[in-house]
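[1] Okay, predicted coordinates and the sequence, questions at the end:
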Amino acid sequence: MPAGASSSKAVPVAGPDRSRAQDPDPPHRPVRPRPPVATLAGLGSALPRRVLTNHDLERMVETSDEWIVERTGIRERRLAAPDEASSDLAAAAARRALADAGLGPENIDALIVATVTPDSPLPSTACLVQKALGTRRVAAFDLAAACTGFIYGLAVAEGLIAAGRHETILVVGVETLSRVTDYRDRTTCVLFGDAAGAAVVRPARSPGRGLLSVYLGADGNGGGSLYIPAGGSRLPASTATVAGRLHYVHMNGQEVFRFAVGALALSVRRSLEAAGLGVKDMDLLVPHQANLRIIDAAARLLRVDPERVFHTIENYGNISSASIPVSLDEARRRGRLRPGDTVVLVGFGGGMTYGGAVLVWDGPEEADDH
Ligand code: COA
């Protein structure tokens, strides 16, 4: 590790509150399965060109390709160009999702961008994407649920459609995590990458196909395990926060790991249950891609055959809210999604947040590669 490097520093925010028992499986309101009201009518993703390999990282911090692959499954990740912000990636992914759905920006009724790395605190990235796409003056807002952001976005879009307020909603998960990653901290810098994934959410079009259920959860007591200490109202930016490297992601990897395995398994079970289904009914699991060991451990807990679990982490690392839509898009392009397949999307991340969605795929079988 270079001189002055440190893996984590004492920072003035509360860590996880261990005084309160965290029930990993809290009581939940039983949900009766119901016909889908919404579906994903188009998918698109945008990945920056620049590739940062494990070998590149070997030259930046004291690490090795072998350690990273064995402990995380990651081989390389993509990094945004210096002039490429979250809204640029989000708009590119959104255009592809719209083209995939056979729609144009004029058809968008509402725009939701899930991100923890907005272009700036004000205005929202969603408004910047709206401007870039040239949509009408429709609702546009950001949503902060970290790596579960896309699932939360789907839940909001589904609710807006169910209420009859909007018809064509763009849900984007985008991150430029390289902007908040400390490339002197080997415990975090090997994990993260940049990307955007988008979906066009529309009213369900064929019986029994579309979003069967969405399940959401959060445990604020765990917030101190994964956070960016400065830059908000608690600790505004100052020369001291910059010198203290407090604008970067700080993480207790082992705590997050333990939480993630349980949250992933719980979210799969709960979202399937809400759809009136069980693990055996699932054709494909598309989990948030944080660490291959987390995915494997949860799959073992659920007794899911590894063949039914899709991953992209090898090539993109952890791209937070972009992880699920990018993986879903890639699963479809690799021919892993067929009409009628039951797919479970599942996320977990900072907050801590977690959640899952059950989707019966009714989109086109394959999309053109881009
Ligand atoms: N290269 C080489 N060694 C490293 C390293 C790196 N990049 N990062 C940490 N190490 C070292 C540690 O310093 C430690 O050394 P020590 O035993 O001499 O103290 C050793 O490897 C083991 O560290 P540990 O933290 O126990 O490793 P781990 O198996 O838990 O893996 C993570 C670390 C971060 C990969 C893992 O905990 C993880 O993925 N956690 C979840 C993170 C996550 O998903 N975050 C986002 C959630 S959305």
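    Yep, that arrived. Numbering: from 1, shown residues only.

[2] Helix or strand: which one has residue 261?
    helix 253-274 (DSSP states H and E).

[3] Just checking the distance from that helix to the centre of its chain.
    Between the mean C-alpha location of helix 253-274 and the chain-wide mean there is a distance of 14 Å, by C-alpha atoms, centre = their mean, to the nearest Å.

[4] What are the buried residues along it?
    In terms of neighbour count (16 or more other C-beta atoms under 10 Å), helix 253-274 has its buried residues at 253, 255-256, 258-274. All C-beta atoms are positioned from the backbone trio N, CA, C, and that covers glycine.

[5] for stretch 306-313, same thing?
    Of the residues in stretch 306-313, those buried under the neighbour-count criterion (16+ other C-beta under 10 Å) are 308-313.

[6] can the residues you listed go into a markdown table with extra columns for distance to the ligand and secondary structure?
    Listed next are these as a markdown table, based on distance: C-beta to the nearest ligand atom, whole Å; DSSP: H, G, I helix; E, B strand; the rest coil:
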| residue | distance to the ligand | secondary structure |
| --- | --- | --- |
| 308 | 21 | helix |
| 309 | 16 | strand |
| 310 | 17 | coil |
| 311 | 13 | coil |
| 312 | 15 | coil |
| 313 | 10 | helix |
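
[7] could I get these as JSON lines with pLDDT?
    Below are the buried residues of stretch 306-313 laid out as JSON lines (pLDDT from 0 to 100):
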{"residue": "308", "pLDDT": "96"}
{"residue": "309", "pLDDT": "98"}
{"residue": "310", "pLDDT": "98"}
{"residue": "311", "pLDDT": "96"}
{"residue": "312", "pLDDT": "97"}
{"residue": "313", "pLDDT": "98"}
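
[8] in the protein, which residue is closest to the centre?
    Against the mean C-alpha coordinate of the chain, by C-alpha atoms, centre = their mean, the closest residue is residue 321 at 2.3 Å.

[9] can you pull the contacts of that residue?
    When the contact criterion is C-beta atoms under 8 Å, 6 or more residues apart in numbering, the partners of residue 321 are 114-116, 145-150, 153, 173-175, 349.

[10] run the last query once more with 10 Å
    113-117, 143-153, 171-175, 177, 195-197, 288, 347, 349 (C-beta atoms under 10 Å, 6 or more residues apart in numbering).

[11] for the stretch 1-150 of the chain, what spans make up the strands?
    Across the stretch 1-150 of the chain, reading from the start of the chain, the strands by DSSP state E, counting those that start in this stretch fall at 38-46, 50-53, 76-79, 110-114, 139-143.

[12] who in the stretch 101-250 of the chain is up against the ligand?
    147, 186-187, 190, 226 (C-beta under 6 Å from any ligand atom).

[13] switch the cut-off to 5 Å
    When proximity is defined by C-beta under 5 Å from any ligand atom, the stretch 101-250 of the chain lies next to the ligand at 147, 186-187, 190.

[14] what residue ranges in the stretch 1-150 of the chain score low on pLDDT?
    For the stretch 1-150 of the chain, residues meeting the criterion pLDDT under 70 lie at 1-30.
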